[in-house]
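Engineer: Sequence and predicted model, in that order:
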Amino acid sequence: MDLGFDLIREKLLSEGLCEVGFSYLTGLLPSHLSRYPYALTLMFRLSDAVIEEISDAPTYSYFQHYRAVNAHLDRCALLAGELIRRQEGHYYPIAASQSVHNLSAKYTGVFQHKTAAVRAGLGFIGRSGLFISSVYGARVRLATVLTDLRLTEEFLPVQENGCASCNLCAAACPAGAITGRLYEEGAERSSVFDAEKCSEFMKKQYRHIGRGAVCGRCVYVCPRGRG
């Protein structure tokens, strides 16, 4: 029995999102969010033209595009939340891009969008530590809306890791932050990606572009979603 997911998905797709997923997250949430066991995943496809300019280093256009997409995802998350509220549910929006520095794990957010996206059957976590959409590859940005409302009874199966023997992201990472190991479900992020090494490199090398907040090389070289 569908309880409103199709209607919400249709509305969000009309706002420019490329995909919307739904997942069940019991056991995967921090304790203060456990009252919201379901999640809407909001996905926006990045501009191929902007990504193709990255090549050797991030560009001013990429930084601006990155910020604009994040802002749009946050707006869509509020819209999704209001649609949930009208169905007498409660919601908790997770910002598209926000690091919370008072957590034990540095360079992380309140909740990892890719956890919900994988559980929604929309893709997998690649060697880069990025979420890889089964359709659009690494060229996407995500936001999440947690809720206590079960919007649908149907859940897509979790996909297998599709990186196979590809190691392009590790070879291209200028910070050496990607280990090259294949991600395994439940593993720590550090097994595939050193977030601190990545962040410190960006701050040092790309300070002149968006205060060193973006790089994008791993997104650019990922063959999935190109073209």
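Structural biologist: Nice, thanks for sending it over.
Engineer: and residue 218, backbone torsions?
Structural biologist: Residue 218 adopts backbone torsions of phi -70, psi -30, taken as degrees, to the nearest 10.
Engineer: From what I see, it and residue 131 are in contact.
Structural biologist: No: here residue 218 does not reach residue 131: they are 11.6 Å apart, not a contact under CB atoms under 8 Å. All C-beta spots, glycine's among them, are computed from the backbone N, C-alpha and C.
Engineer: Need the residues touching each of those two.
Structural biologist: residue 138 (CB atoms under 8 Å, 6 or more residues apart in numbering).
Engineer: So for stretch 149-164, first residue to last residue, what's the gap.
Structural biologist: 36 Å (CA to CA, to the nearest Å).
Engineer: now stretch 213-224
Structural biologist: Terminal residues of stretch 213-224 are spaced 24 Å apart (CA to CA).
Engineer: Ok, stretch 127-136 next?
Structural biologist: Stretch 127-136: ends 16 Å apart by CA to CA.
Engineer: Could you check which helix or strand contains the most centrally placed residue in the chain?
Structural biologist: Using CA atoms, centre = their mean, the residue of the chain that lies closest to the mean C-alpha position is residue 142, 3.8 Å off. Applying DSSP states H and E as the criterion places residue 142 in strand 140-147.
Engineer: Setting aside sequence neighbours, what's the nearest residue to the residue nearest to the centre of the chain?
Structural biologist: Closest residue to residue 142 apart from its sequence neighbours, by CB to CB, 6 or more residues apart in numbering: residue 113 at 3.8 Å.
Engineer: residues in contact with residue 23?
Structural biologist: Contact analysis of residue 23 by CB under 8 Å, 6+ apart lists 38-39, 41, 116-117, 119-121, 155.
Engineer: Go again with 7 Å.
Structural biologist: Contacts for residue 23 (CB atoms under 7 Å, 6 or more residues apart in numbering) come out as 39, 41, 116, 119-120, 155.
Engineer: Please, where are all the helices along the chain?
Structural biologist: Per DSSP state H, the chain carries helices over the ranges 5-14, 48-52, 60-85, 113-119, 168-172, 195-205, 217-221.
Engineer: Switch those over to TSV; also include mean pLDDT, distance to residue 136 and mean neighbour count.
Structural biologist: Formatted as TSV, the helices of the chain follow (pLDDT from 0 to 100; distance: least, CB to CB, whole Å; neighbours: other CB atoms under 10 Å):
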stretch	mean pLDDT	distance to residue 136	mean neighbour count
helix 5-14	96	14	15
helix 48-52	97	10	15
helix 60-85	97	13	18
helix 113-119	96	11	23
helix 168-172	97	16	18
helix 195-205	94	22	16
helix 217-221	97	11	22
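Engineer: which one of those lies closest to residue 20?
Structural biologist: Distance to residue 20, taken as CB to CB, is lowest for helix 5-14 among the helices of the chain, at 4.3 Å.
Engineer: on that earlier part again, out of the helices of the chain, flag the one nearest residue 148.
Structural biologist: Proximity to residue 148 (CB to CB) singles out helix 60-85 among these, at 8.9 Å.
Engineer: who does that closest one touch, helix- and strand-wise?
Structural biologist: For helix 60-85, the elements it packs on are helix 5-14, strand 38-45, helix 48-52, strand 91-94, strand 140-147, judged by 3 or more CB pairs under 7 Å, 6 or more residues apart in numbering; DSSP states H and E.
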